[in-house]
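> Next comes the sequence, and after it the predicted model I'd like to discuss.
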Amino acid sequence: MARYWLTNLVPSRSGFPWGTFLVNVLGSLLIGWIASLSEERLGFNGKLFLAVGVMGGFKTFSAFSLQTVNLLQGGKAALALLYIAGSVAVCVAGCWAGWWFGQER
């Protein structure tokens, strides 16, 4: 439900799927944060439930893949490549940031 709501909250301007991009970046940030938490804090099963179950259901790799194919089929190869590179770079950075913020200091 949250994924659907967020995806539709952000309009897709210029053909770029901003809603899915936002969901994937937010999901990457959150999964990085969850991964950084100690098992003493959440327990092994708690971390697994949140990372695989909740975040796995929230993030949208299949939607990302379909939207990329749609961009390519629509003759927007440059936009598709930007979407791919931007998604990978920003999602990895988001995951790293989430992990960093979650570290106990």
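Perfect, I can see it now.

> use CA for all of it now, contacts and neighbours both
Fine.

> which residue sits closest to the spatially most central residue of the chain in space, ignoring its chain neighbours?
Compute the mean C-alpha point of the chain, and by Cα atoms, centre = their mean the closest residue is residue 24, 1.7 Å away. What sits nearest to residue 24 in space, not counting adjacent residues and going by Cα to Cα, 6 or more residues apart in numbering, is residue 59, at 5.3 Å.

> residues in contact with the one you found?
3, 23-24, 27-28 (Cα atoms under 8 Å, 6 or more residues apart in numbering).

> can you put those residues in CSV and add pLDDT, distance to residue 99 and secondary structure?
Listed next are the contacts of residue 59 as CSV, based on pLDDT from 0 to 100; distance: Cα to Cα, whole Å; DSSP: H, G, I helix; E, B strand; the rest coil:
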residue, pLDDT, distance to residue 99, secondary structure
3, 82, 21, helix
23, 90, 17, helix
24, 91, 16, helix
27, 91, 12, helix
28, 93, 10, helix
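
> Just the buried ones from the residues you listed?
Using 16 or more other Cα atoms under 10 Å as the burial test, the contacts of residue 59 include 3, 23-24, 27-28 as buried.

> Taking those residues together, which two end up most distant?
Within these, 3 and 28 form the most distant pair, 13.0 Å apart (Cα to Cα).

> same for whichever helix in the chain runs longest, what does it pack against?
Identified as the longest helix of the chain according to DSSP state H is helix 77-102. Judged by 3 or more Cα pairs under 8 Å, 6 or more residues apart in numbering; DSSP states H and E, helix 77-102 is in contact with helix 18-36, helix 61-73.

> Please identify the deepest-packed of those helices.
When these are scored by mean count of other Cα atoms under 10 Å, the highest mean neighbour count falls to helix 18-36 (a mean of 22).

> what about the chain, any weak spots by pLDDT?
105 (pLDDT under 70).

> One more pass at 90, please.
1-20, 35, 37-44, 47-48, 51-63, 103-105 (pLDDT under 90).
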